[in-house]
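# Got a predicted model here, sequence first, then my questions.
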Amino acid sequence: MSVSLDQSADAEFLRFVARFCGMNLGSAATGRLRVRLGKTTELYEPTTIAKYLARAADREHELLGQNPLERATVAMWMDFARGIDRCPPAASATHWQVLESSLERKTYLAAERVTLADAALFWTLYKAVSNFSAQQKDQYNNLVRWFDQVQHTVDVDKHILLGLLVEVFSVVFVEWHVL
């Protein structure tokens, strides 16, 4: 498998997901965002690549769901995360309220454990929730609780820091081989 990552937000997300899955893609800054599998197969969409990375790390059932309902729920929340990226900032409060309501009686979004859906949404919301005012923390207390739980469950701060370091010390192209 060869990986080509540019310096886009999607590439940063995939570096984070790879580290979350226990893989190291390194950094690359050439061409379009893609994963090449052999001579004729390439993956381009960030969500598809993220799911592939979970499978390649042999963590599919843990991170993508252990049954059809969990898999569908993980997919739904990953789509939700991508949707947040595409919406204007004015829609943020609506997204936060959806998450607030959904997390009212749950620790994690899709299962009784952290999944790729939690990682994707954590990544998407990191800057916003980290900068919540005291009033927002009170208003979205379930979202803040979930954010703190995910952050401490998977040591996400370390992944964010590594992501920043990778970005600073990026190289032109990385080829990564699955052992």
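All right, it came through fine. Numbers count the residues shown, from 1 in each chain.
# Skipping adjacent residues, who's closest to the residue positioned nearest the centre of the chain in space?
The centroid of the chain falls nearest to Ala120 when counting by CA atoms, centre = their mean (2.6 Å). Excluding the flanking residues, the one nearest Ala120 by CB to CB, 6 or more residues apart in numbering is Ala81, at 4.1 Å. (Each C-beta comes from the backbone N, C-alpha and C, glycine too.)
# Contact partners for the one you found?
Ala117, Ala120, Leu121, Trp123, Thr124 (CB atoms under 8 Å, 6 or more residues apart in numbering).
# returning to that earlier point: how close does the residue nearest to the centre of the chain sit to Met76?
11 Å (CB to CB, to the nearest Å).
# that older thread, out of the contacts of Ala81, which end up buried?
Ala117, Ala120, Leu121, Trp123, Thr124 (16 or more other CB atoms under 10 Å).
# would TSV of the residues you listed with distance to Gly65 and secondary structure be doable?
Converted to TSV, those look like this (distance: CB to CB, whole Å; DSSP: H, G, I helix; E, B strand; the rest coil):
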residue	distance to Gly65	secondary structure
Ala117	9	helix
Ala120	13	helix
Leu121	15	helix
Trp123	19	helix
Thr124	19	helix
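# which parts of the strand or helix carrying Ile84 are buried?
According to DSSP states H and E, Ile84 maps onto helix 68-86. Using 16+ other CB under 10 Å as the test for burial, helix 68-86 gives Glu70, Arg71, Thr73, Val74, Ala75, Trp77, Met78, Phe80, Ala81, Arg82, Ile84.
# Go ahead and list the helix or strand containing Glu42.
Using DSSP H and E, the element containing Glu42 is strand 41-43.
# mind listing what that strand pairs with, with the direction of each?
Paired neighbours of strand 41-43 in the sheet (DSSP bridges): strand 34-37 (antiparallel).
# Can you give me the pLDDT of Thr73?
Note on Thr73: pLDDT of 96.
# Does the closest residue to it other than its chain neighbours belong to a helix, a strand or coil?
Spatial nearest neighbour of Thr73, chain neighbours left out: Ala110 (4.0 Å); criterion: CB to CB, 6+ apart. Assigned by DSSP: H, G, I helix; E, B strand; the rest coil, the conformation of Ala110 is coil.
# number of nearby residues for the nearest residue to Leu99 once chain neighbours are set aside?
In this structure, Leu99 finds its nearest non-sequential neighbour in Leu143, 4.9 Å apart by CB to CB, 6+ apart. By other CB atoms under 10 Å, 26 other residues sit near Leu143.
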